[in-house]
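Asks: Okay, predicted coordinates and the sequence, questions at the end:
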Amino acid sequence: MAYTITTEGDAQIDTAQSKFGGASGLFDGTGDYITAPDSDDWYFGTDKFTIDFWMRTSNTTDWMAPLGQSSSDSNGWGFGMNGGVSGGRLDFGFNNAGTWSVNFNVTGVVGIMNGSWHHIEVARDGSTWYLFIDGTAQSKNLALGSYAGGGDNIAGPLYIGKNGSDYNFMAGPFDGHLDEVRVSKGIVRHTSNFSVPTSAYSNDGDTQLLLHMDGTDGSTTFIDSSSDIRPDAISRNVTGTNTTATQAHTCTGDNRILFTSVLTFKSGDDTDRLTSITYNGVAMTQIGSTMNHTSGVNIYLFYLIAPSTGANNIVCTCDATMDEIDLRSASYTGAKQSGVPDASVSNGPTASQTSFSQSVTMTEDNCWLVGSWRNNAGAWTVGTNTYGRVDNSGADSMVLIDSNSSQGTAGSKTMTATCSSATVGGIMASFAPVTAVSGPANLSTWNGVAKASIDTINGVAIASVKTINGVA
């Protein structure tokens with residue numbers, strides 16, 4: 001779920017400067033910063049990741065850092081910049097217990113500290129690194145270590161407005177404005193020159209942190225708008241001539257939900273032959289079905305709240321020997337653990353179609369969409385709000401799809417796809433994120449009551465309570 005952001009010093013929302021949204025974060029270079037709690041989301045190792053943000057600063061003489069994570073002056077990762085060195089220099093690196101596994105820089109970039117807004121992006125794909133300024137790839141200088149070097153798992157929060165717990169790590173505190181700070185994991189956003197964003201970022205399943213820096217002038221409240229729901233794992237199985245199909249699937253994380261798309265086929269038999277589907281022995285719940293697609297093909301969509309963590313089996317059982325049983329599964333974290341689905345619809349089958357769309361009316365904000373679609377002519381070409389999460393190929397294509405991002409405010413939402421002329425149909429549903437609970441970050445219970453169930457403390461709304469007995 002979205003992270004609680006803690007404010008230190010005089011870090012605040014400032015409406016005098018903004019790239020998007022009418023405000024930005026103001027940091028004065030003398031101890032102002034904000035933090036997100038320690039998480040494996042900030043541990044990149046050698047995995048793909050992207051960090052990007054907008055900055056505005058006129059300080060050209062001091063080393064300073066827009067963001068990073070460190071536990072000491074010799075253990076962490078982050079940025080450093082100084083307009084008075086090498087014609088303006090921008091650094092990025094991983095330091096593991098005093099040894100730089102990788103440290104590189106670009107020089108001659110004093111122009112990024114000219115009091116105007118500039119977009120910075122760094123990304124990694126294996127041993128290939130990318131650094132962009134205003135959408136233009138930069139020629140990097142490897143200073144220390146190797147481009148194959150990875151980062152340690154740092155024990156400590158993510159800092160925005162400085163690099164970490166010790167100002168001596170790479171650079172001092174940031175002096176200026178930041179906007180649209182985004183940390184993405186598992187994806188390289190760009191590998192070549194690109195046009196810089198012209199609007200605020202939207203959430204997607206790869207976004208781990210997203211700070212729009214919006215709000216009332218002078219406010220010290222910073223909101224993480226990253227996607228509460230995130231993809232966890234996928235799996236698939238095709239079983240021929242059997243009454244059962246078994247598929248291994250591994251769930252991890254908190255506030256889990258598992259969806260399974262099922263296709264059963266028994267030539268010439270349109271009867272509903274599916275009798276049960278379980279995960280680790282626990283029955284899954286059917287959302288919907290579309291029957292008799294083509295001579296004995298039936299499609300289903302099931303879900304299970306709070307599936308067991310670890311590797312377990314999905315078992316689908318039919319009351320007759322089927323010619324084929326196909327399973328497509330995806331698990332997600334950060335999902336609401338009740339009221340599933342938020343909304344759902346089943347359509348089809350409809351013959352001789354070259355496109356398919358479904359709409360649901362979300363009753364809660366920031367839901368994701370998920371669906372089980374099938375056509376009998378080949379792969380789908382997905383459209384708006386539509387991502388082929390599990391499979392999208394073959395002559396008899398069933399795919400488990402999702403929106404790969406939250407869908408904003410409640411209301412009607414649509415997913416679309418096209419295909420060769422085919423019989424099409426499917427099931428679609430929306431599911432909501434777990435509700436974030438504001439209030440003191442380190443409070444789990446109050447007088448024996450779980451934080452999630454508390455509305456007020458001593459007559460004050462929990463959202464307005466910052467500390468209890470001096471503890472945040």
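Replies: Arrived safely, thanks for sending.
Asks: At which residues are the helices of the stretch 101-250 of the chain located?
Replies: Counting by DSSP state H, counting those that start in this stretch, the stretch 101-250 of the chain has no helices to list.
Asks: tell me the contacts of the residue sitting furthest away from the middle of the chain?
Replies: Most distant residue from the mean C-alpha position of the chain: residue 268, 43.3 Å away (CA atoms, centre = their mean). Counting by CB atoms under 8 Å, 6 or more residues apart in numbering, residue 268 touches 295, 296. Every residue, glycine included, has its C-beta placed from N, CA and C.
Asks: ok now do residue 215, which residues does it touch?
Replies: Residue 215 neighbours (CB under 8 Å, 6+ apart): 13, 23, 221, 222, 223.
Asks: From residue 19, how far out is the nearest residue to the third one once chain neighbours are set aside?
Replies: In this case it means residue 221. Excluding its sequence neighbours, the residue lying closest to residue 221 (CB to CB, 6 or more residues apart in numbering) is residue 215, at 6.0 Å. Distance, residue 215 to residue 19, by CB to CB, to the nearest Å: 14 Å.
Asks: just to revisit the earlier point, with distance to residue 285 and neighbour count added, can I get the contacts of residue 215 in TSV?
Replies: Shown next, in TSV, are the contacts of residue 215 (distance: CB to CB, whole Å; neighbours: other CB atoms under 10 Å):
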residue	distance to residue 285	neighbour count
13	43	22
23	43	23
221	38	13
222	38	23
223	33	19
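Asks: Now do the same for residue 413: helix, strand or coil?
Replies: Here residue 413 takes the strand state, with states given by DSSP: H, G, I helix; E, B strand; the rest coil.
Asks: What is the neighbour count of it?
Replies: Neighbourhood size, residue 413 [other CB atoms under 10 Å]: 22.
Asks: just residue 52 next, same as before
Replies: Using other CB under 10 Å, residue 52 has 20 neighbouring residues.
Asks: Was I right to think it contacts residue 187?
Replies: No - using CB atoms under 8 Å, residue 52 is not in contact with residue 187, being 11.4 Å away.
Asks: any idea how far residue 286 is from residue 360?
Replies: For residue 286 relative to residue 360 (CB to CB), the value is 16 Å.
Asks: Which one of these two is surrounded by more residues?
Replies: More crowded of residue 286 and residue 360, by other CB under 10 Å: residue 360, with 22 against 15.
Asks: re earlier: return the backbone torsion pair for the residue farthest from the centre of the chain.
Replies: phi 80, psi 0 (degrees, to the nearest 10).
Asks: Please apply the same query to residue 204.
Replies: With angles defined as degrees, to the nearest 10, residue 204 sits at phi -150, psi 180.
Asks: So it is in contact with residue 402, correct?
Replies: No - contact status for residue 204 versus residue 402: not in contact, 10.7 Å apart, counting by CB under 8 Å.
Asks: Among the two, which residue is more densely surrounded?
Replies: Legend: neighbour count by other CB under 10 Å for residue 204 and residue 402, higher for residue 402 (25 against 18).
Asks: Low-confidence stretches in the chain?
Replies: The chain contains residues with pLDDT under 70 at 1, 165-170, 227, 392-396, 436-472.
Asks: Domain ranges for it, per the record?
Replies: Following automatic domain parsing, one gets these domains for the chain: 6-211, 230-431, 440-472.
Asks: Could you report the distance from the residue nearest to residue 221 to residue 316?
Replies: 49 Å.
Asks: how close does the residue nearest to residue 221 get to residue 20?
Replies: Taken as CB to CB, the span from residue 215 to residue 20 is 13 Å.
Asks: Check residue 151 too.
Replies: 30 Å.
Asks: Equivalent analysis for residue 146, please.
Replies: Distance of residue 146 to residue 20, computed by CB to CB: 37 Å.
Asks: Please say which of these two ends up with more neighbours.
Replies: Set side by side, residue 146 and residue 20 show more neighbours around residue 20, with 18 against 12, by other CB under 10 Å.
Asks: So the more buried one, which state does it fall into?
Replies: Under three-state DSSP, residue 20 falls in the coil class.
Asks: OK, contacts around it?
Replies: Residue 20 makes contact with 179, 180, 197, 199, 200, 212, according to CB under 8 Å, 6+ apart.
Asks: Put together JSON lines for those residues, with distance to residue 279 and neighbour count on each row.
Replies: Output for the contacts of residue 20, formatted as JSON lines (distance: CB to CB, whole Å; neighbours: other CB under 10 Å):
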{"residue": "179", "distance to residue 279": "43", "neighbour count": "24"}
{"residue": "180", "distance to residue 279": "39", "neighbour count": "24"}
{"residue": "197", "distance to residue 279": "40", "neighbour count": "15"}
{"residue": "199", "distance to residue 279": "40", "neighbour count": "9"}
{"residue": "200", "distance to residue 279": "38", "neighbour count": "16"}
{"residue": "212", "distance to residue 279": "37", "neighbour count": "22"}
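Asks: Closest one of these to residue 121?
Replies: residue 197 (10.1 Å; CB to CB).
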